[in-house]
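J.: this one's sequence-less:
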RNA sequence: GGUCUCUUCGUCUAGUCUGGUCAGGACGUCAGGUUUUCAUCCUGGUAACUCGGGUUCAAAUCCCGGAGAGACUACCA
């Protein structure tokens, strides 16, 4: 068997949405699993839809995701260039070849004329198709002499090249995910292969490049399934061996029906893109998973399980584990509705698995950026270690640990009502005195001696602990009291108790 | 409209090829437990085979028919 070579071939028409990321991911996993190569090819044959910055966005996003390419314009490769606009000169000869073989023909119909035919057909509740029937009555080389055609071309009449779909044939194709697919050629239309602007359409460029780049497997979204027969016939017309095809199920809207789109993210309040994006023309912005605080590992993990499963009950996967476990056979056929809650859960799982050091470092940066708080890295690490398992995102750490960085200025009324008793102030005084006398201020020792002190004196455990919590945190939440005490330090703790007693009395 | 694809808990899915476990897991949700706090965590509950026929001792699984959903239907990819 030949070497496995797959490609991810986006169009730089905007930010890459998560469906595209998943397609890239599955290509990557398949390539790595089979010891093959992953290629990035930019399909920019439609110059009217070009969006500045989109290509850069795609490259950076996939890099953030940990999806690496073996060949591209960025890392090189022996089949470059890997951008279709830079391969423009290659395509005409293939278009000519099909013309010579009689597998394609020249059409002079203008876009406006065709538009008119479509409208007329629609008015009669019919569909206009450029096919074996209608092409007999349209302005193309099938109905003209060679001289006529040459003359028109010579005087600069714009023309397109259309593929001539053979009549009365059944095309039987094999899809790695869907099995056999049968299509009658009479239901197909003569697609344009070469545009009047001198550029190939997707269909031609795609087949030519896949062939030239020795692509072995085409793994792409289900929206391409209807053009598979065209592609198969193109390979046949050229006399080339076709790659294997696999059409992935679509990513659907969480509510209602339909393909997931940019609008859904705005509407439902979750990112549809891997990274933040600003549209250069409109200035519109779109949020990204990266900026929303997701770890790339969690994002990829979630995406991998949306349309594929390992057949075991394992849900948390590293990229390497995904590569080991992946197979196209275990991809599902039906579209998957995107689920925000599960996505958050994946991030939670990954956050818990991260080291205190790593989370602490992220938290330190977050504190500086969002709260303008400078904090010692070791302190941030200790705080992160104490509360990281309680949250989904680094940014949520604040709500669980703000009291480590600022003393309470007010006290949660509900907690005060529930926990602050008549003799609490007096008890806090005694506790402060005892705490002041603790020599070894480690969490372990505080836990030990504080408990001994309370039980030894037959104090009410709840009265002391809940009171202290209110003094130190300002609310009825947070880690164990001894942990808070130890991290805050004796001096700060005593200050807070004194201040709290003064306020609550 | 036409062509193609798909159809198991609210969601992601296992199971379908090779009929035979109370249809399994996860997210969500609900209830307990742990935490003398809150959160996490743990335990348990909840909830599905699109419908109708047929084959069979037995059908989510095989066959036929209907229904629904999605994609495509551009000189866009």
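T.: All right, it came through fine. Since we're looking at a predicted model, the values are computed, not measured.

J.: how far does stretch A:127-135 sit from the chain's center?
T.: Distance of stretch A:127-135 from the chain centroid (CA atoms, centre = their mean, to the nearest Å) equals 40 Å.

J.: endpoints of it, how far apart?
T.: 14 Å (CA to CA, to the nearest Å).

J.: pick out the residue of the stretch 301-450 of chain A closest to RNA strand B.
T.: Closest contact between the stretch 301-450 of chain A and RNA strand B, by CB to the nearest atom of the strand, is at residue A:334 (3.0 Å). The C-beta positions use only the backbone N, C-alpha and C, and glycine is treated the same way.

J.: I misspoke; the intended subject was chain A.
T.: The nearest approach of chain A to RNA strand B comes at residue A:461, 1.1 Å away (CB to the nearest atom of the strand).

J.: and for that residue, nearest residue in space, chain neighbours not counted?
T.: Computed as CB to CB, 6 or more residues apart in numbering, the closest residue to residue A:461 that is not its neighbour in sequence is residue A:454, at 5.6 Å.

J.: who does the helix or strand hosting that neighbour touch, helix- and strand-wise?
T.: Using DSSP states H and E, residue A:454 falls within helix A:443-456. Contacts defined by 3 or more CB pairs under 8 Å, 6 or more residues apart in numbering; DSSP states H and E place helix A:443-456 against helix A:424-436, helix A:461-473, helix A:481-488.

J.: of those, which is nearest residue A:375?
T.: Smallest distance to residue A:375 across those (CB to CB): 11.6 Å, for helix A:481-488.

J.: give me the angle between whichever helix or strand comes after the closest one and helix A:443-456.
T.: Using DSSP H and E, the helix or strand that follows helix A:481-488 in sequence is helix A:490-504. Interaxial angle, helix A:490-504 versus helix A:443-456 (axes from the mean of the first three to the mean of the last three CA atoms, to 10 degrees): 50 degrees.

J.: how about helix A:490-504: buried residues?
T.: A:490, A:493, A:494, A:496, A:497, A:500, A:501 (16 or more other CB atoms under 10 Å).

J.: for those, which one is nearest residue A:361?
T.: Residue A:361 has its nearest neighbour among the buried residues of helix A:490-504 in residue A:493, at 26.4 Å by CB to CB.

J.: what's around the nearest residue to that closest one once chain neighbours are set aside, how many residues?
T.: Computed as CB to CB, 6+ apart, the closest residue to residue A:493 that is not its neighbour in sequence is residue A:485, at 5.4 Å. For residue A:485, the number of neighbouring residues by other CB atoms under 10 Å comes to 22.

J.: the residue of chain A closest to RNA strand B against residue A:450, yeah?
T.: No. Residue A:461 is beyond contact range of residue A:450, at 10.0 Å (criterion: CB atoms under 8 Å).

J.: who has more neighbours, the two?
T.: Higher neighbour count among residue A:461 and residue A:450: residue A:450, with 21 against 11, using other CB under 10 Å.

J.: state the three-state secondary structure for residue A:193.
T.: Secondary structure, DSSP: H, G, I helix; E, B strand; the rest coil: residue A:193 is strand.

J.: let me redo that: residue A:181
T.: Here residue A:181 is strand, with the state taken from three-state DSSP.

J.: check the spacing between the nearest residue to it once chain neighbours are set aside and residue A:330 real quick.
T.: Nearest in space to residue A:181, with sequence neighbours left out and distances taken as CB to CB, 6+ apart, is residue A:173 at 4.9 Å. Distance from residue A:173 to residue A:330, counting by CB to CB, to the nearest Å: 21 Å.

J.: who has more neighbours out of the two?
T.: Using other CB under 10 Å, the more surrounded residue of residue A:173 and residue A:330 is residue A:173, with 18 against 13.

J.: quick one, domains of chain A?
T.: Using automatic domain parsing, the domain parsing of chain A gives A:87-248, A:262-353, A:354-397, A:407-504.

J.: make CSV out of those domains and add mean pLDDT and distance to residue A:50.
T.: Shown next, in CSV, are the domains of chain A (pLDDT from 0 to 100; distance: least, CB to CB, whole Å):
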stretch, mean pLDDT, distance to residue A:50
domain A:87-248, 94, 12
domain A:262-353, 93, 11
domain A:354-397, 96, 34
domain A:407-504, 94, 52
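
J.: could you dump these to a markdown table with distance to residue A:254?
T.: Putting those into a markdown table (distance: least, CB to CB, whole Å) gives the following:
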| stretch | distance to residue A:254 |
| --- | --- |
| domain A:87-248 | 18 |
| domain A:262-353 | 5 |
| domain A:354-397 | 18 |
| domain A:407-504 | 31 |
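
J.: show me what from the stretch 201-350 of chain A comes close to RNA strand B.
T.: A:201-203, A:206, A:222-227, A:249-250, A:252, A:256-259, A:305-307, A:309, A:311, A:313, A:315, A:330, A:332-337, A:339, A:341-342, A:345, A:348 (CB under 7 Å from any atom of the strand).

J.: please flag which of those residues sit within strands.
T.: Per DSSP state E, strands hold the following members of those: A:252, A:336, A:337.

J.: report the buried members of the residues you listed.
T.: A:252, A:336.

J.: burial count for residue A:48?
T.: 6.

J.: for it, give its distance to residue A:13.
T.: From residue A:48 across to residue A:13, the span is 10 Å (CB to CB).

J.: for residue A:70, same thing?
T.: Separation of residue A:70 from residue A:13 (CB to CB) stands at 25 Å.

J.: swap in residue A:257?
T.: Counting by CB to CB, the gap from residue A:257 to residue A:13 is 24 Å.

J.: who has more neighbours, the two?
T.: Counted by other CB under 10 Å, residue A:257 and residue A:13 do not tie: residue A:13 has more neighbours, with 15 against 8.

J.: so what's the nearest residue to residue A:420 once chain neighbours are set aside up against?
T.: Nearest residue to residue A:420, sequence neighbours excluded (CB to CB, 6+ apart): residue A:504, at 5.6 Å. Contacts for residue A:504 (CB atoms under 8 Å, 6 or more residues apart in numbering) come out as A:411, A:416, A:420, A:424, A:425, A:470.

J.: go again with 7 Å.
T.: For residue A:504, the contacting residues are A:411, A:416, A:420, A:425, by CB atoms under 7 Å, 6 or more residues apart in numbering.

J.: next: residue A:26.
T.: By CB under 7 Å, 6+ apart, the contact list for residue A:26 reads A:219, A:248.

J.: quick check, the helix or strand harbouring it touching RNA strand B?
T.: Assigned by DSSP H and E, residue A:26 belongs to helix A:18-33. No. Judged by CB under 7 Å from any atom of the strand, helix A:18-33 makes no contact with RNA strand B; its nearest approach is 9.5 Å.

J.: next SSE downstream of that helix?
T.: strand A:37-40.

J.: residues in contact with the helix or strand following that following strand: which ones?
T.: Sequence order places helix A:54-65 as the next helix or strand after strand A:37-40, per DSSP H and E. Outside of helix A:54-65, the residues within contact range by CB under 7 Å, 6+ apart are A:10, A:12-16, A:21, A:24, A:42, A:74, A:274-275, A:277, A:290, A:296, A:299-300.

J.: for ChimeraX, what selects the buried ones among those residues?
T.: Remark: buried members of these, expressed as a ChimeraX selection using 16+ other CB under 10 Å:
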select /A:10,12,14,15,16,21,24,42,274,275,277,290,296,299,300
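
J.: just the ones of the contacts of helix A:54-65 in helices?
T.: Using DSSP state H, A:21, A:24, A:296, A:299, A:300 are the members of the contacts of helix A:54-65 that sit in helices.

J.: just put those in CSV and tack on distance to residue A:325.
T.: Shown next, in CSV, are the ones in helices among the contacts of helix A:54-65 (distance: CB to CB, whole Å):
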residue, distance to residue A:325
A:21, 19
A:24, 18
A:296, 18
A:299, 18
A:300, 13
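
J.: thought the residue nearest to residue A:461 was touching residue A:463?
T.: No. Taking contacts as CB atoms under 7 Å, residue A:454 lies outside contact range of residue A:463: 9.1 Å.
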